[in-house]
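A.B. asks: pasting a predicted model and its sequence here:
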Amino acid sequence: MFGIPGKSPVTLTPRAVAQITRLMAKDGAYGLKLGVKKGGCAGMEYTMEFAAEAAPHDEVVEQDGARVMIAPMAQMFLFGTEIDYETSLLEAGFKFNNPNVSEACGCGESIKFKDMPGA
């Protein structure tokens, strides 16, 4: 684990908690698994998928009934992130307010982290 003992690596806003618990109930999932992968115009992308269980080295964050698991390779990139859920007239989705990001593309789904080469 890359975090500080006793401190959650990510926090969820009340809107994110509501959406995650709604998705967990609808899919019958244990929770949502968060990760990062190479891709997108800025170099990395967030991933989010339903999970039936936590993997052995996942960091599990539970908040007000919502459960997210953070894949081991993503833990250092997501530490300190606030996850929100926003809705507008044209779109709805999760928003990651991540202090580790140095650049993001216009869509907000592709990011570059401060410790990546060229950042």
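C.D. replies: Here it is on my side, so go on. Bear in mind the structure is a predicted one, so any value in this text is a computation, not a measurement.
A.B. asks: burial check on Y85, number of neighbours?
C.D. replies: 19 (other CB atoms under 10 Å). (C-beta placed from N, C-alpha, C; glycine too.)
A.B. asks: do the same with K95
C.D. replies: 14.
A.B. asks: any idea what it is bridged to?
C.D. replies: Counting by DSSP bridges, K95 forms beta bridges with D84.
A.B. asks: doesn't T87 make contact with it?
C.D. replies: No. Counting by CB atoms under 8 Å, K95 does not reach T87; the two are 10.5 Å apart.
A.B. asks: and the closest residue to E53 other than its chain neighbours, its phi and psi?
C.D. replies: Distances taken as CB to CB, 6 or more residues apart in numbering put Y30 closest to E53, at 5.3 Å, once the chain neighbours are dropped. Reported as degrees, to the nearest 10, the phi and psi values for Y30 are phi -70, psi -40.
A.B. asks: residues in contact with the helix or strand hosting T21?
C.D. replies: Assessed by DSSP states H and E, T21 sits inside helix 14-27. If you take CB atoms under 8 Å, 6 or more residues apart in numbering as the criterion, helix 14-27 is touched by 12, 29-32, 50, 63-68, 83-86, 94.
A.B. asks: following element in sequence after it, please.
C.D. replies: For helix 14-27, the following helix or strand on the C-terminal side (DSSP H and E) is strand 31-38.
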